Every structure is written in C-alpha cells, then in structure tokens.
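**Q** When you get a sec, could you give me coordinates for this:
(one chain, ligands or ions: 1)
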Amino acid sequence: MRISLGLLAFPVAVTAIENGINGWLRYAPLPAHQRPSNLRLPGAIMALSNNKTSPVYTAGQELQAGIKSILNQTLPLYHEPDEWLGSTILVATTGEFYGRQNGDVKASATLADDGYLLRVRAGNVVILGQTERGALYGAFDYLSRIAQGRFSDADLVSNPDAPIRWVNQWDNMDGSIERGYAGPSIFFSNNAIPKNLNRVTQYARLLASIGINGIIVNNVNANANLLTDANIDGLGRIADAMRPYGVQVGISLNFASPQTLGGLSTFDPLDAKVISWWTDKTKRLYKRIPDMAGYLVKANSEGQPGPLTYNRTLADGANLFAKAVQPHGGIVMFRAFVYDNHINPADLKADRANHAVEFFKELDGQFMDNVVVQIKYGPIDFQVREPASPLFANIPQTNTAIELQITQEYLGHQDHLVYIAPLWKTILDFDLRADDQPSLVRDVIAGRRFSNKHGGYAGVVNVGTNTTWLGSHLAMSNLYAFGRLAWDPTQDSQVLLEDWTRLTFGSDPLVLGVITEISMASWPAYENYTGNLGIQTLTDILYTHYGPNPASQDNNGWGQWTRADRYGIGMDRTVSTGTGFSGQYPAEVAEKFESIETTPDDLLLWFHHVNYTHILKSGKSVIQHFYDAHYDGAKTAQTFPIAWESLRKKVDTDRFNEVLFRLRYQAGHSIVWRDSICQFYYNLSGIPDAAGRVGKHEYRIEAETMTLKNYKLTGVNPVETASNLTAVVLTSNSGEASAKLNFDSGKYDVAINYFDLIGGKAKYKAYLNSKLLLEWTGDLEDKLGHAFSTKLDGHSATRVTVRDVQIQKGDVLKITGVADGNELAPLDYVAILPQGVVD
Ligand code: GCW
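**A** Model (predicted):
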C-alpha cells in the first residue's frame, strides 16, 4: 500500500526560503561530498502500522519525506510485511514486530519505556520502539544521522533518562503569551482554540524529534474558561493534531475554577461538591482526550488561588487532582514555585529562597503516587546563575521534575544570543550529597536516587506564531538541547549544539565553527555584562525583566534582594548570621556554602554579604570584578556580529540578515548593560574602576552637549541608563542635534545611542556634513518582538553603529529626528570610535 503525503504538515522538499519553520528538521539536500560513493539504501520503508494516528505510521512518512529531501531518493512506503520482500528500513514497535514475524533482531530486554533500538547494517535498517513513539524517536535519530552525513553502521539501544519530558507553554486564551517573545499563540486566539492547527502539528513534530512526550498548552496562570465544553473540544482537536507525533496534551488548571466557572460557593479541595466538580470535568476531558497527559497546577503563588485559602495543605490541593486523573492514568505536575511576594525587606532573616522547602518539606510522603512536584532549577526564578534548588534533596518520598526555561525571560528575550545548556548542566550535574551519598540533581529527577516512579523535565518554551518559533533562529538551539538533555542529561552541551548547527545550517566547518564559538561564549558573556558572582541577573524585576535596573531588586516585597548599600552587597544566607538558607542543603553542601572560604566566587553574593573591597579567590575585589566582568562581557558580545559576518556567503540571505540584525543589536545593548551596571555600583560605592573606564568616555559626545534644535534635556529612569545620566527629546515634531568633531582625521566607527519605545516609530537620519550616514526608525518593537518599554530606560536604550566612517577634523555630525506618537526621537550620545575601541 502506498501512502499519500497529503497529511504531512511540512513540505517534502526543502523550501527555497529558509524562514525557520522546519527548525532543525529541514532535511536539506546533502552536498555530494558528504555522501559515501558506495551509498546503498534499502529498497523500501516498512512501517508496521496502518493506523494513521500512530507515531509508527508517522515515522514511515517522515522517513520517506526525509530521505527524498536529503538524498533525493524516493523509497516506497509499505505497512504490511508481505507487500515487499526486499531490503527495508523497518520501523515498528517491538510488540508488533515480534507478533508478526520472526525477525533476526532480538528485542533487547534493556529497552525502557519510549526507548528504541537502531540497527543499521549495510543495506538493512531496523528501528524498533518499545512504544509507538519510541519507534518514531528511532526514526528521527536515523534521519538525523543521514542529514548530518553520518552513514556508518550502528547498533544501539537508546533509552530516555526520565519518563517525563514535557514542555510548558504560558499561552493565554486571548492569544497572548506570558513571557513569550515570538508573537501570539499557536494554540489560542480570541478566547478559543483556532480552527487551523497546522502549526500545532508542526510543533509536535519538532518536539517528537527531540524525545518530548508531553505538553501543557496553557499558562500556569490559568483561565478557568478553558474548561467549558467548547474549549474541551478545542483541546481535543489540539490533542488530535499532536497525537501522530506521540506528544500528549495536558493543561494548567485554575484552582478556583469550581467557584469562578462552576458557580459553587467554594473551591475548598476537601469539599464534596468541589471534588465531584473536578471529577466530572476530568471525565469530560478524558472522554474527548483519552490519552491526556494530565494537569499542571500553580497554586498559592503570585496571587493564584490555592488550598491554603481553606487552611488545607498543598498536598491536599495536589491530591484533589491526582485522584481525579488517576483512573485515567494521568499525572499531576504540582509547582513548587510557591512563595509569598509580600515579604518585608527590612527583615534581615526573611528570604524568598527559603519558601519552597518551608512549604514542601513537611509534606514529603503525603503526595499521591501520580503527583510530581515541579521545581524551578534555582530557589528564586530562572536567574543567570543560581545554586540548585535545595528542594531536590528535601522530599525523597516525592516524585520531582526540574523546570527549565527555554524562553529567555531573564536572559535577553531571544534578542540576546544566550545558549543556555551550559547553565542547565551546572544544575543537572550538581551533587546535593543527600545523606552524604552521591545525589546528582539529574539522578534525583530521574527517580534513581530516591527510587521514585515518575519524574523528569519540564521546559517552558513559549513558541509563538513567528516562523522561527522563538523569534530568533539561533535561540532554537536551546529547545533542541533541552529535549536532548531530557533524554540524556550526560550529553555534552557543545556536542548537542554542533548537532543542532549541522541540522539547521549545514556542516560547513566555518559555519559550524562560528556558531559554536559564539554560542558557547554567549552565556558567560551574558552573565558578565548582567549580574555577577551570583547576585542574579540585575534586570528590572518590576517591569519587563529585560534591561538593566539593579535598584529594582531591593526594598520591595518580591524578595529578589541584593542588599546592596554603600559598603557592600549580597544576601547573607548563612545559618550563623543570615537567613538560614544554606542550611536547607544536606550537610556537606550546607557546610560548603556556609563559609565564604568554600563558596565558589560565582555564587559568593548569593550566599554572603561582603564589602565591595572583599578579595575574591581570583585575587580581585568584588567591585573590580564587577567592572572587569562587565567590560569583558560587552567586549565579547562585540565579536558576535563580526564573527557572524564571516558567514555572509555561507548562510542563506534571509537567515544571515536576521541573525546579523540581532547580534548587532545585542552588541549595542550589552554596552547599555555594561555602562548602567558599572555606573550604578560606582555611584553607590564611590569606588573608582582601577582601569579608569567607568564614567569616563573620551570618545563620546553627549547629546545634551550638542547644538540642539527643537530638542530639550530629559532625565531617564533609572538614571544610569543614560550616559552622563541625561538624554534629549524633541520639543516639536522634528529637530536636530549636531556637533563639530574634534578628532584627528581618520577612520572611525560611529555609534549612536537612542531610545526605542513602544508607542511610536520615530525616524532618524545621521549625516556627516551633508552626507547621509544612516537612516533608521525606532521600530524595534516590530523587529525584535519582545515586550519593550514605554519609557526611556534600560529596556529601550539602544545603540546603532556605522562602521568605517572616514572623518576629517572639523566635520559636522548631525542627527535629525522626527517624532511619532509617544516616541519623541530620544537621543543619548554619539561615540566616535577609533578602530578597535569599544566605548
Ligand atoms: O518568573 C515569574 C514570571 C511570571 C511567571 C512566574 C511563574 C507564569 O515572571 O511571568 O508566571 O514566574 O513561573 O509562575
């Protein structure tokens, strides 16, 4: 039986335009030099399933389309063994395979749930899955090898490290996405589930190819209206769209639904009416989606309702849902991100980092077997560096999963390149030493360390309708690496990155080299130019979590405190003099973090309050480390666009230009970060930079010192996000700022800092004498797609650079601005940079 390709959600041949829609599954034609001359493929594909919704069936289609696209060979596809007697790529479940014929491949007893066996021998390929989706995973593995030009024989068994490998989407029903930076939702629009779910199927395909087996489709800040009959049917359609790829759908619940949607007078989890309300809803859901993955619950956190309202425990709350889904085989992921966001900053013993253990430790043993406590990797909130959450070591009788964030909420909103896998590895590989025994976080969540049945990984992804999925081509390496690590956390971050790069951009050594180099340098650089020594990201935590605003951390109830004052910085989290947090770790680790001597520099300020003059293990003072790290990080970011430019002829034009635009933007914004953080701590501590850089910018011309026509001076907030603490804005529809350049004649880069706000698209032109150097529009809100800012601040501060400008002493630089809406063409400064100078 031949199968039509009509159902496939992706084009059979690689599209001419590389818009990112196929992610790493482009199946680009393999260049001739990468094909072995004696390449011999089997004569047909045999996928042992006639069920069109089975991942085995999908695997057959995928293999056929992939091989056609990569090798330009069309293999016939059959589903019954007697239809073809020649050599095959056989794909099946072990059960189906052994049930139907006596093959020469013995099922390996070592195949775990969702695992697969892949045997490639000369002209025969056997792919057996322990489950249907396991077979699909094996097919994707085989295709990935071919796409990377790896044709060698193989004989392997691959098993996932943990059963739960889910992604979370924070999609709202109106189509917006909380902390999403790639356009509106593919799952919801106008408070309903859209008719056309092609993108949902395409997403499932990407997810399955990296071993993801479940997805929560709506925001943890959940809307009870998701549970209306019409929406349950819509969820059913989502599940139908993802089922052929073996991705099971689950949903986030709003704890108060029985009251807000059901009209009951209470949502007390022990109330009989409440229990039967949830039981009934759950039945309806499973009737429409028999393989529903389960529920995700955020309760009593950040204003969300929960069981504590009724003096019930969080375990009572979790078990309410666990009982409801148990007869259907469902799982309840219950979030440990429970904390009070109104804590008193004047209380030196108060600590948000303590809350998760305080809430959950005493509940260990009280959760039902199908509850998994989902724990963010660090005790606070997806910061650029955190210690592993101690909760992983505190609830041995409870299933646990780690929550990681692919969407870059605190890591630059996908407008900064940050390859996050190396950060995740610091947590997964961390040894908590529970009972003085090896207790790696990855062994805890896999259930190995404490003999738990369920457990694993939840990654907050937040893809949107943008064709690149995450808004940025390069950001997709994070999604890829997340899936591969959830399958096998021992894998090396760089190896995963290189696989992704070969699949996404091809195997040219120069391309591979550049993407590897900039991606591997990206997290250390971002940490350097944002928050160092474990002080957190230092972004604006009260607004959009993007640009710099260290002051926003302190003196409020959110508890992301740095405790910075004139003399020192850092949270004292010791048992002896501080909040006691370090004592939440098992003894060996607690002891290490309790003492300044044994706390590693990169977490020093997480655990200890020290003077700015404190000398680190590196030999530098804390304040000098801040200055140097910020200069180093921003300097590294300057190299990213330059390295990328070397790929001009090697990467297709669209992707080349889109990536270049973002890397240039990042290079500019890293300087905004560098300057505002350095200036902030200089203002606070009064300690100058030993290298004399901070606050001294000999190549800059501040806008406020230029000759201004229809421009006036303005402050910005935070003040240090403008150079010299001052910017200028138009006083009428258009105006100009000009200055005579008193630099020696020569070649310079001209950098211009301005503010790009939501609420207007001002137009700018920069001239050297009468020659137009650059023309641009303040429209980053369209181009970068992240939650920008309506104000002049560290989010909107932006830098553009014109390279290699020949300047004669006495030339006049002029910038004209035309206002639009709220955007009064704000300008900060111009920098005339000699070759090689970054300032
Ligand atoms: O970090 C915070 C985010 C919120 C998020 C919350 C959570 C979905 O700023 O946007 O809400 O964490 O994880 O629940």
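
**Q** for stretch 255-264, how far is the first residue from the last?
**A** In stretch 255-264, first residue to last residue: 13 Å (C-alpha to C-alpha, to the nearest Å).

**Q** and that stretch, anywhere near the ligand?
**A** No. Shown here: stretch 255-264 not in contact with the ligand (C-beta under 6 Å from any ligand atom), separated by at least 13.3 Å. The C-beta positions use only the backbone N, C-alpha and C, and glycine is treated the same way.

**Q** Give me the distance between that stretch and the centre of its chain.
**A** Counting by C-alpha atoms, centre = their mean, to the nearest Å, stretch 255-264 is centred 33 Å from the centre of its parent chain.

**Q** From the ligand, how far off is the closest residue in space to D436 that isn't next to it in sequence?
**A** Excluding the flanking residues, the one nearest D436 by C-beta to C-beta, 6 or more residues apart in numbering is E588, at 6.2 Å. E588 is 30 Å from the ligand, where distance means C-beta to the nearest ligand atom, to the nearest Å.

**Q** E588 reaches Q437, doesn't it?
**A** No. Assessed by C-beta atoms under 8 Å, E588 is found out of contact with Q437, at 9.9 Å.

**Q** who has more neighbours, these two?
**A** When neighbours are counted by other C-beta atoms under 10 Å, E588 and Q437 differ, and E588 comes out ahead with 15 against 11.

**Q** Which residues belonging to the host helix or strand of that one are considered buried?
**A** Assessed by DSSP states H and E, E588 sits inside helix 587-594. Neighbour counts over helix 587-594 (16 or more other C-beta atoms under 10 Å) mark 589-590, 592-594 as buried.

**Q** Pipe those into a markdown table and attach pLDDT and distance to H413 per row.
**A** A markdown table is the format used below for those (pLDDT from 0 to 100; distance: C-beta to C-beta, whole Å):
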| residue | pLDDT | distance to H413 |
| --- | --- | --- |
| V589 | 98 | 33 |
| A590 | 98 | 35 |
| K592 | 98 | 34 |
| F593 | 98 | 31 |
| E594 | 98 | 36 |
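
**Q** from those, which is closest to the ligand?
**A** Taking C-beta to the nearest ligand atom as the measure, the ligand lies nearest F593 of the buried residues of helix 587-594, at 23.4 Å.

**Q** ok, now which ones touch the closest residue to the closest one other than its chain neighbours?
**A** Leaving aside its sequence neighbours, F593 sits nearest to S582 (C-beta to C-beta, 6+ apart; 4.1 Å). Contacts for S582 (C-beta atoms under 8 Å, 6 or more residues apart in numbering) come out as 573-575, 590, 593-594, 607.

**Q** is it possible to export the residues you listed to CSV including distance to the ligand?
**A** Converted to CSV, these look like this (distance: C-beta to the nearest ligand atom, whole Å):
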residue, distance to the ligand
R573, 20
T574, 26
V575, 27
A590, 26
F593, 23
E594, 28
F607, 21
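
**Q** ok, so of these, who is nearest Y748?
**A** F607 (45.2 Å; C-beta to C-beta).

**Q** right, and the closest one touches L533 too?
**A** No. Using C-beta under 8 Å, F607 is not in contact with L533; the gap is 10.2 Å.

**Q** any residues in contact with both of the two?
**A** G570.

**Q** Go ahead and flag the most central residue of the chain.
**A** I406 (1.6 Å; C-alpha atoms, centre = their mean).

**Q** which parts of this protein sit against the ligand?
**A** So the chain meets the ligand at 170, 178-179, 219-221, 298, 302, 337, 381 (C-beta under 6 Å from any ligand atom).

**Q** I'd like to know which of those are buried.
**A** Neighbour-count burial (16+ other C-beta under 10 Å) is assigned, among the residues of the chain next to the ligand, to 170, 178-179, 219-220, 298, 337, 381.

**Q** Show the pLDDT at the closest residue to E62 other than its chain neighbours.
**A** Spatial nearest neighbour of E62, chain neighbours left out: A139 (5.8 Å); criterion: C-beta to C-beta, 6+ apart. Looking at A139, its pLDDT is 98.

**Q** and if you look at the one 10 residues further on?
**A** The predicted local confidence for G149 comes out at a pLDDT of 93.

**Q** ok, now T110?
**A** Confidence score, pLDDT, at T110: 82.

**Q** Just give the nearest non-adjacent residue to it, would you?
**A** V157 (5.5 Å).

**Q** Quick check: that neighbour touching L111?
**A** Yes. Look at V157 against L111 with C-beta under 8 Å: they come within range, at 6.2 Å.

**Q** Name the residues contacting each of these two.
**A** Contacts common to V157 and L111, judged by C-beta under 8 Å, 6+ apart, are L117.

**Q** so V249 sits in a strand?
**A** Yes. According to DSSP: H, G, I helix; E, B strand; the rest coil, V249 belongs to a strand.

**Q** Which of the three states applies to the residue nearest to it when sequence neighbours are not counted?
**A** Distance criterion C-beta to C-beta, 6+ apart; nearest residue to V249, sequence neighbours excluded, is A239 at 4.2 Å. Three-state assignment for A239 (three-state DSSP): helix.

**Q** Also the one 3 residues further on?
**A** Using three-state DSSP, the secondary structure recorded for M242 is helix.

**Q** Helix, strand or coil: sort out the closest residue to the ligand within the chain for me.
**A** Residue nearest to the ligand within the chain (C-beta to the nearest ligand atom): D381, separated by 4.3 Å. Under three-state DSSP, D381 falls in the coil class.
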